[in-house]
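Trainee: sequence and predicted structure below; questions after.
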Amino acid sequence: MTTRFWHGFADMHAIKDKEVVIASGDGAIITDTNGRDYIDATAALWYCNAGYGRKEIADAVAEQLARLPGYSSFGAYTTDATLLVAERLTSMAPIPNSVVFLASGGSDAIDTAMKLARRYWDVVGKPNKTLLVSREHSYHGMHALGTSLTGMPAMRNGYGGEPFINEVVHVPPLDVDAVARLFDQRRDEIAAFVGEPVIGAGGVYPPPDGYWESISELCRQHDILLIADEVITGFGRTGFMWGTQRYGIKPDLITFAKGVTSGYMPLGGVLVGERVRSPFWDEPVAGAVFRHGYTYSGHSGAAAGALANLDIIEREGLVERVATLEPVLDRSVRRLGGAPLVGEIRTVGLTAAVALQPSILEADATTIDRVVAACLRHGVATRALRGHAVHISPPFVITEDQIDAMVDGIGNALEDVAAAARVPA
C-alpha cells in the first residue's frame, strides 16, 4: 500500500512503497513490523542516547501529562516542570550563570540563538552587527535561518536561487586563518560565529588540536558572539557532557536538543550566558524585550521527559561509558580500512563516519545509498552522511559485542555492493 506520509529528506518516488516501519526498540536494538531486528547504528537521528525501552522516562511523561499536559510560557506563565528542567539544565551548563530559552527541537534552537544574537547587538546600540558566520559542511537545522547557515549547498539549493537570509557568510570548516581574515575585514558587521564542536551531519569531522581555542580567542578579540551548536554533541556524545568542554570552547550561547530527552519527547533550547542575557534581564535598558517564543516553549511533558532522561544519564554514568567505548568503537571501525570501497574513516566519542573512496562516488554517486540499503539487509540500520559516508552514532548503551556486530554488518554490506559493481577488493 502506498504511504500517505511524506518522509523527510526522501525521494518519495523511490520509497513511497518501500517504507521500513519500526515498531519497537530495546537498548540499542530496533525491531520492524515484520519482526526483524536491527542494530541501531545512528541512535535514530543522533538522539536516543539512553537507548530504547526506558519505561522510567515514559512513566514520568505520562504522569506529567495526566496532571498537566502543558501550558503557555508566554508572559508570566509557566509550569513547575518547566522551572525544574530550566534549573537542571543551567546547573549542568558549561556557561556560568546561564539562563535557558526552551523550544521544541534543534532547528528551533538555532533560529532562536541567531535571532537573539542579532537582537542583542541592536539592544546594545550596534544594529549594524547582523552578519552570521557559519562553516562549510556544517548542519544547523532546516528552519529558514538554519537552512541559510547550513554549509551543505544541496540543503540550500532549489529554493529560489538565494538564501532565505542574506547576511550569512560561510568559511572553510577547519581553517582558523580564513576566520581571522574575515573577522579583520568585517568585524563591525559580524554578530556571531556558529559552529558544531564536531561537524556531525556533514561527515563527522573532529577539530584539530587548538582549533576551538583559537576561534574562541578570535571572537573575544573582535567582539563577536560565539555560538556552539551542541544539538548533536550535547549530553555525552563526545565522552564529555558537552563538546564545549572537550574542546575548550568559550561560547556565549549553546544550542541543544536531541540527547536532552534521548528523543522520548521533542525538546531543544538555548543556554544563554551573562553577557547576552544582561540587557534583557539585569540592566534597565528601555525596550530590551526579546519578542520571540514558540507555542510549546517549556512544554511540561517534554520537561518531565528531559528530567527523567538526565537522571538515567547521570545515575548510570553513560557519559563516562561513551569515553570508555570511544577506543572500542575506533578499533572496531578501523577494521574496515581494508574493506572494498572504503576511503577515509573518522571517529570521535561514540561517533564515526566510514567514507567511500571519492573515485567510487565520482563514478556513481548512488553507491553510498546502495551501501546503506545493504547494511539494512545485514541487520544494521544506518544512513548516508553528506552523500559520501556511512553514519555511526549508536545509543550509549550499546555493548562491545554489538559494536563488533554492527561493524561486521557494515563490512558485509560494503562487500556485497563492491561485488555487485565488480569493484576489486
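Mentor: Sure, I can see it.
Trainee: okay, CA-based contacts and neighbour counts for the rest of this
Mentor: Will do.
Trainee: dump the residue contacts of the residue positioned nearest the centre of the chain.
Mentor: The chain has residue 232 as the residue nearest its centroid, 2.7 Å off, counting by CA atoms, centre = their mean. Applying CA atoms under 8 Å, 6 or more residues apart in numbering to residue 232 gives the contacts 46-47, 200, 256-259.
Trainee: distance of it relative to residue 42?
Mentor: According to CA to CA, to the nearest Å, residue 232 stands 11 Å off from residue 42.
Trainee: report pLDDT for residue 2.
Mentor: Note on residue 2: pLDDT of 87.
Trainee: from the contact counts, what lies against the one helix or strand in the chain whose mean pLDDT sits lowest?
Mentor: One helix or strand of the chain scores below all others by mean pLDDT, DSSP states H and E: helix 153-156, with a mean of 89. Applying 3 or more CA pairs under 8 Å, 6 or more residues apart in numbering; DSSP states H and E, we find helix 153-156 packed against helix 144-149.
Trainee: going by neighbour count, list what's buried in the helix it packs on.
Mentor: 145-149 (16 or more other CA atoms under 10 Å).
Trainee: could you do stretch 204-215 as well?
Mentor: Neighbour-count burial for stretch 204-215 flags 204-207, 211-212, 214-215 (criterion: 16+ other CA under 10 Å).
Trainee: just stretch 75-82 next, same as before
Mentor: Per 16+ other CA under 10 Å, stretch 75-82 contains these buried residues: 78-79, 81-82.
Trainee: closest to residue 58 out of those?
Mentor: residue 81 (15.1 Å; CA to CA).
Trainee: who touches the helix or strand encompassing that closest one?
Mentor: Per DSSP states H and E, residue 81 falls inside helix 80-92. Contact partners of helix 80-92, identified using CA under 8 Å, 6+ apart, comprise 97-100, 271, 298-301, 303-304, 306-307.
Trainee: can you name the next helix or strand after it?
Mentor: Under the assignment DSSP H and E, the closest C-terminal helix or strand after helix 80-92 is strand 99-103.
Trainee: orientation of that next one relative to helix 80-92 in degrees?
Mentor: For strand 99-103 against helix 80-92, the angle by axes from the mean of the first three to the mean of the last three CA atoms, to 10 degrees is 130 degrees.
Trainee: which strands or helices does whichever helix or strand comes after strand 99-103 pack on?
Mentor: The element immediately downstream of strand 99-103 (helix or strand, assigned by DSSP H and E) is helix 106-123. Using 3+ CA pairs under 8 Å, 6+ apart, the elements in contact with helix 106-123 are helix 144-149, strand 190-195, strand 225-229, strand 253-256, strand 268-272, helix 274-281.
Trainee: hmm, back to that, so the residue nearest to the centre of the chain versus residue 391, what's the distance?
Mentor: On the measure of CA to CA, residue 232 and residue 391 end up 13 Å apart.
Trainee: does residue 28 touch residue 398 like I think?
Mentor: Yes: using CA atoms under 8 Å, residue 28 makes contact with residue 398 at a distance of 5.3 Å.
Trainee: neighbour count: those two, which is higher?
Mentor: More crowded of residue 28 and residue 398, by other CA atoms under 10 Å: residue 28, with 26 against 23.
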